[in-house]
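**Q** just to be clear, the model below is a prediction. Sequence and coordinates:
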Amino acid sequence: MNILLLGSGGREAALARKISESPLTDRLFIAPGNGGTAIYGENVEISPLDFPTLVSFVKEHGVELMVVGNEDPLVAGVRDFFAEAAPDVLIVGPAADGAQLEGSKDFAKRFMARHNIPTARYMTFDASTIEKADAFLESLEAPYVLKADGLAAGKGVIILQDLDEAKATLREMLDGMFGKSSATVVIEEFLDGIECSVFALLDGKGGYRLLPEAKDYKRIGEGDTGLNTGGMGAISPVPFADDAFMGKVVDRIVEPTVKGLIADGIDYRGFVFFGLINVKGEPMVIEYNVRMGDPETEVVMPRLASDLTALLLGAAKGDLADIPAEHDKRAAATVMAVSGGYPGSYAKGLEITGCLDPEESILFHAGTKVKDGKLLTNGGRVIAATSLADTLPEALQKSYKAISEIDFEGKYYRRDIGRDVLK
Ligand code: AMP
Ligand code: GLY
């Protein structure tokens, strides 16, 4: 079968590699892809948000399955558009109604409240309820968590220690700090704990498969300091996510989410990313995403021992029964090399040299492109090196070796990925 994958990051590189390994896959197209995805399929110069051109492309190329890697097209309704314009194409990724789980923090919080899913206490405010927002902030203890309701490229959450600063920041957010996305703000109780990411693939009919869990490293600096990034590395499995913890995650969070979507009349076929926090052994939801994580996918896919294309097809058709999702027992670690200056401003178009085909690791390209036969940087996060090994320290060692053997001006990576859980 011919498959179209939307997106251009390391996540899509990891999905593309796994999809390409399936005997069910004939041609794989990636729109737009990056300098590395062309190893696994054919890059196509189409924006994931250009729905009419995507429809023409799938019709011309006999694409039967479309997999949406990133959230923007989902929140913008790519599935709804295809339902009208190309109804025969099977799609992995929810329609705009389900995508609200990520597209609106207030929607996600109301969903969790309705279905008794554990999450931080919260209230939602806009410019007309600013006095009530102040009163709610006064009722909470520091630190204060302010979240832009809409999509804000991962930057919409602000955590402040000081009450007056929180009140001032709330006003700035409502005044357009994140454009329309922060015209509504969710304020919530701060949860103290260690985070992990759990992933499920849903078929919309109550069937789902859990994928390996992962932990990502969001801050730019070692010891989890400095600005937030898209993610600087990831590990899987997560040592504290043992059977007891995962049992609670399934009973209290995954199952109620799957059932809640059905109860709310949402036909959700796609990935759900549960951003969780472990508060003294009790899992709580920090956020939902309606896609896989990046760089989590770069460790999750190598640990998926089953046929990804079969799983994607099952989810898209609404029937995951009898389709296995076995997890490889080995540990995986990924380390991201980023451009100097990231997550602030950085240069693009710098040549990448060194060992681009390491023996013991996989390089997943994120922000790269090929021009005139040269591999160039083309984003903040440039390349992730993933390795599998019997133990996490060995996997980390291999990934660090691979990342040290590639070169570009200004290359930076965190040297402490996984260190916190190995203590
Ligand atoms: P989000 O975009 O919702 O994932 O939030 C970004 C980050 O902010 C999360 O990964 C957490 O580290 C942090 N965060 C969000 N909500 C809370 C909360 N209620 N308590 C503590 N930390 C939070
Ligand atoms: N790594 C976090 C995310 O993909 O949102």
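**A** Received it, and whenever you're ready, just let me know what you need. Residues are numbered from 1 along each chain as shown. Ligands and ions are numbered 1, 2, ... in the order given.

**Q** assign a three-state SS to the closest residue to Gly344 other than its chain neighbours, would you?
**A** Leaving aside its sequence neighbours, Gly344 sits nearest to Leu227 (CB to CB, 6 or more residues apart in numbering; 7.5 Å). Any C-beta I mention is one placed from the backbone N, CA and C, and that applies to glycine too. Per DSSP: H, G, I helix; E, B strand; the rest coil, the local secondary structure of Leu227 is strand.

**Q** going forward can the numbers begin at 23, since that is how I track them
**A** Shifting the count to begin at 23 puts that one at Leu249.

**Q** number of residues surrounding Leu249?
**A** 12 (other CB atoms under 10 Å).

**Q** same question for the one 5 residues further on.
**A** Met254 is flanked by 29 other residues according to other CB under 10 Å.

**Q** so what's it up against?
**A** 238-242, 317, 357-358, 360, 435-436, 439 (CB atoms under 8 Å, 6 or more residues apart in numbering).

**Q** can you count the residues close to the nearest residue to His137 once chain neighbours are set aside?
**A** Leaving aside its chain neighbours, His137 sits nearest to Gly282 (3.6 Å; criterion: CB to CB, 6+ apart). By the criterion of other CB under 10 Å, Gly282 has 17 neighbours.

**Q** tell me which element Gly282 falls in.
**A** Assigned by DSSP states H and E, Gly282 belongs to helix 277-285.

**Q** and the next helix or strand past that helix?
**A** As assigned by DSSP H and E, the chain's next helix or strand after helix 277-285 is strand 291-301.

**Q** quick one: mean pLDDT over that following strand.
**A** Averaged over strand 291-301, pLDDT sits at 97.

**Q** which positions in that strand come out as buried?
**A** 291-300 (16 or more other CB atoms under 10 Å).

**Q** and ligand 2, which of those reach it?
**A** With CB under 6 Å from any ligand atom as the criterion, those include none near ligand 2.

**Q** among those, which two are most distant?
**A** Greatest spacing in the buried residues of strand 291-301, by CB to CB: Arg291 and Asn300 (28.8 Å).

**Q** name the helices or strands packed onto the helix holding Gly282?
**A** strand 216-225 (3 or more CB pairs under 8 Å, 6 or more residues apart in numbering; DSSP states H and E).

**Q** before we move on, the earlier item: contact partners for the residue nearest to His137?
**A** By CB under 8 Å, 6+ apart, Gly282 lies in contact with 133, 136-137, 139.

**Q** can I get the buried part of these as one ChimeraX selection?
**A** Provided next is the ChimeraX selection string for whichever of those are buried by 16+ other CB under 10 Å:
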select :133,137,139
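
**Q** I'd like the contacts of Gly282 laid out as CSV, including secondary structure.
**A** Formatted as CSV, the contacts of Gly282 follow (three-state DSSP):
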residue, secondary structure
Phe133, helix
Arg136, helix
His137, coil
Ile139, coil
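
**Q** in the contacts of Gly282, find the pair that's most separated.
**A** Using CB to CB, the two most remote members of the contacts of Gly282 are Arg136 and Ile139, lying 8.6 Å apart.

**Q** got the residues of this structure near ligand 2?
**A** Counting by CB under 6 Å from any ligand atom, the residues of the chain that sit close to ligand 2 are 176, 238, 253, 311, 315-316, 318.

**Q** what do you get if the cut-off is 8 Å, keeping everything else the same?
**A** Applying CB under 8 Å from any ligand atom, one finds that the chain approaches ligand 2 through 33, 176, 219, 238, 240, 252-253, 256, 295, 297, 311, 313-318.

**Q** among the residues you listed, which are located in strands?
**A** In this view, the residues of the chain next to ligand 2 that belong to strands under DSSP state E are 219, 238, 256, 295, 297, 311.

**Q** skipping its backbone neighbours, what lies nearest the fourth one in space?
**A** Right, the one you point to is Phe295. Asn311 (3.8 Å).

**Q** any figure for the gap between the one you found and Ala135?
**A** Shown here: Asn311 relative to Ala135, a distance of 19 Å by CB to CB, to the nearest Å.

**Q** and Ala107, by the same measure?
**A** Distance from Ala107 to Ala135, by CB to CB: 36 Å.

**Q** quick revisit: out of the contacts of Met254, which touch ligand 1?
**A** Among those, ligand 1 is touched by Lys240 when using CB under 8 Å from any ligand atom.

**Q** could I get the contacts of Met254 as JSON lines with pLDDT and neighbour count?
**A** Compiled in JSON lines, the contacts of Met254 are given as follows (pLDDT from 0 to 100; neighbours: other CB atoms under 10 Å):
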{"residue": "Asp238", "pLDDT": "96", "neighbour count": "25"}
{"residue": "Tyr239", "pLDDT": "96", "neighbour count": "23"}
{"residue": "Lys240", "pLDDT": "93", "neighbour count": "14"}
{"residue": "Arg241", "pLDDT": "93", "neighbour count": "16"}
{"residue": "Ile242", "pLDDT": "96", "neighbour count": "19"}
{"residue": "Pro317", "pLDDT": "97", "neighbour count": "29"}
{"residue": "Val357", "pLDDT": "98", "neighbour count": "31"}
{"residue": "Met358", "pLDDT": "98", "neighbour count": "32"}
{"residue": "Val360", "pLDDT": "98", "neighbour count": "27"}
{"residue": "Tyr435", "pLDDT": "98", "neighbour count": "21"}
{"residue": "Arg436", "pLDDT": "98", "neighbour count": "22"}
{"residue": "Ile439", "pLDDT": "98", "neighbour count": "26"}
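
**Q** that's all I had, so thanks and see you.
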